Structure formats: structure tokens, C-alpha cells
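Trainee: Fold the following and give me the result.
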Amino acid sequence: MTTDTHARIDLRLETRGAGDTIAWVTIDNARKLNCLSSALMTAFVDTIEQLGRRDDLRAIVVTGAGDKAFVGGADILEMGALTDAGQARAFITRVHKCCHAVRTAPVPVIARIQGFTPGAGLELAASCDLRVAAAGAVLGMPEVRLGLPSVVEAAVLPTLVGWGRAREMLMVGDNFSAEDALQWGLVERMVPAAELDAAVERWIDGLLRNGPQSVRRQKALMRRWERLSLDEAVQAGIDAFAATWDTDEPVRLLGEYRAAREAHKRSK
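Mentor: Predicted structure coming up:
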């Protein structure tokens, strides 16, 4: 899925077990620290949306090419060439569409974070459902130092790290370490760079042990929780629980669980 000579979105599909698919999406613009140009953003959104139509899809892993950067932000050269508010609006909307595609994908999206992860790269990572960072990763929201506010899915940061920490990140603009990100709750795990893939695989193994429809329903429900009052969120959960019985998944998996318990009791 090539966007130009040196920048592209690479897609690798892996089949697991009885036909389950794991998608690895790599943002490959290594010459520019995997920065997001308009062409790359369009290709990324198209890739994620096409994957979302697959019934066999269980998870998506998003990463950057090489070990120097996850996504080194939006393309500064392209932003510097913007001449008016209309062009600026169109450009930043493309950043939003990348993040929105990840947030609305029907399956969990895992961010495999290595190296430099500023600005739009961090917004993309924050839009993922699960995040693991290499111990040497450097993250930040430096837009204010370029005369710009942090926007689009920077809006999810207060939910992840709290309003006070988000204000510090967005108004001061300092870089911070993967250790900080772990402590603040911005990433769920931090591992040595050589163990990134193993950490991703542990999550994938866990997801594959679960009912595929229940995982999809859980992600969709949690997205709704973000917008609802507590009472509305509880009711949405009741509705989702009841709707699960429209499939055979809970009856089948509950039956398997009971059978395993009985077998365990008999073995004692």
C-alpha cells in the first residue's frame, strides 16, 4: 500500500487458530521518523477501515517502521507550507480521521510504541485501546512550541492521565519518558525494546482466549461510556448484556467453562 517512493503503510495479516486474523499495520516513513503526511494519513485510514469490515479480524497492531520512532508527529514540512485556515483545517482533519479510525475500529487496537512519539504520534497512540512502550521511548506534545495548540484526539489525554497532568503536557510541551508515561497511566506496559513483540503477543493471546463478539461489544460499549452519564452508561451495559444472547457465544462459552470446572473437580 504505497503512498510515494519512500513512505507507505505496510499491512501484514496473520492467521491464528481456526481462522482468526491479526493485522499488523506499520507506518513506514523511516526517513522522516515515520511522520504523517497527507498521503500517508489517507492510506492509513483506508487500511484501518478496510480491516474493520473483516468478520475474522480479532486485533490490529499499529507500529512504526524501524526503532527510531513510533510516529514522529505530523509532517512539519507539509504544515509549514499551509497558506490559509482552509488548508490548515483540512490537514488537521486528516490527523483526526486517523485517530477516529482507530477509536472506531470494531476490534482492539494495540499501539506498539518505540522511539520518538510526539504530537500526532502520541494522539494516535492515545487513540488505541492498549499501549505498550519500549523503555527508551520519548513522548511529548510539543505543538505549543511551534505556535500551535494540541488538538483533535489530544482531547482524550485528560481521561488517560487526568486534567492536571494533561495541562502540563499540553501547555508546557516538555518531552517525557516511557517510565513517566507508565506511571501516569498513558501506557499500560513498558518493556525493553527487544521484548516489545512478546508483550504485544501476550495481549493477543489473551484476546484470542475470549469470545470475539464479546470483545467487540465491550469496545463498542466503552466508547459509549465516554459520552454517557453514569445512569445512561449502566443502562447501555444492561442492553449490551441482554443483546449478547442474540448470539450463541455466551451459552457456548459458559457451557465450556462449566464442563472444565466439572472435569477439574473429578480429577481431584
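Trainee: where do the helices sit along the stretch 151-268 of the chain?
Mentor: Along the stretch 151-268 of the chain, the stretches classed as helices by DSSP state H, counting those that start in this stretch are 157-161, 163-172, 178-184, 196-208, 212-225, 230-243, 249-267.
Trainee: Residue 99: which of those is closest?
Mentor: Closest to residue 99 of the helices of the stretch 151-268 of the chain, according to C-beta to C-beta: helix 157-161, at 11.7 Å. Heads up, the C-betas are built off the backbone N, CA and C, glycines and all.
Trainee: which residues are in contact with the worst-scoring helix or strand of the chain on mean pLDDT?
Mentor: Ranked by mean pLDDT, DSSP states H and E, the weakest helix or strand in the chain is helix 249-267, scoring a mean of 78. With contacts defined as C-beta atoms under 8 Å, 6 or more residues apart in numbering, helix 249-267 is touched by 211-214, 244-245.
Trainee: one step back: and among the helices of the stretch 151-268 of the chain, the most buried is which?
Mentor: Ranked by mean neighbour count, the helices of the stretch 151-268 of the chain are led by helix 178-184 with a mean of 18 (mean count of other C-beta atoms under 10 Å).
Trainee: Residue 25 in helix, strand or coil?
Mentor: With DSSP: H, G, I helix; E, B strand; the rest coil as the basis, the three-state label of residue 25 is strand.
Trainee: What about it, how many residues nearby?
Mentor: 20 (other C-beta atoms under 10 Å).
Trainee: And for the one 10 residues further on?
Mentor: Here the neighbour count serves as a burial measure; for residue 35 (other C-beta under 10 Å) it reads 26.
Trainee: Surely it touches residue 75?
Mentor: Yes. Judged on C-beta atoms under 8 Å, residue 35 makes contact with residue 75 at a distance of 4.7 Å.
Trainee: quick one: common contacting residues for the two?
Mentor: With C-beta under 8 Å, 6+ apart, residue 35 and residue 75 have no common neighbours.
Trainee: got the contact list for residue 126?
Mentor: Going by C-beta under 8 Å, 6+ apart, residue 126 touches 99, 153-154, 156-157, 160, 186.
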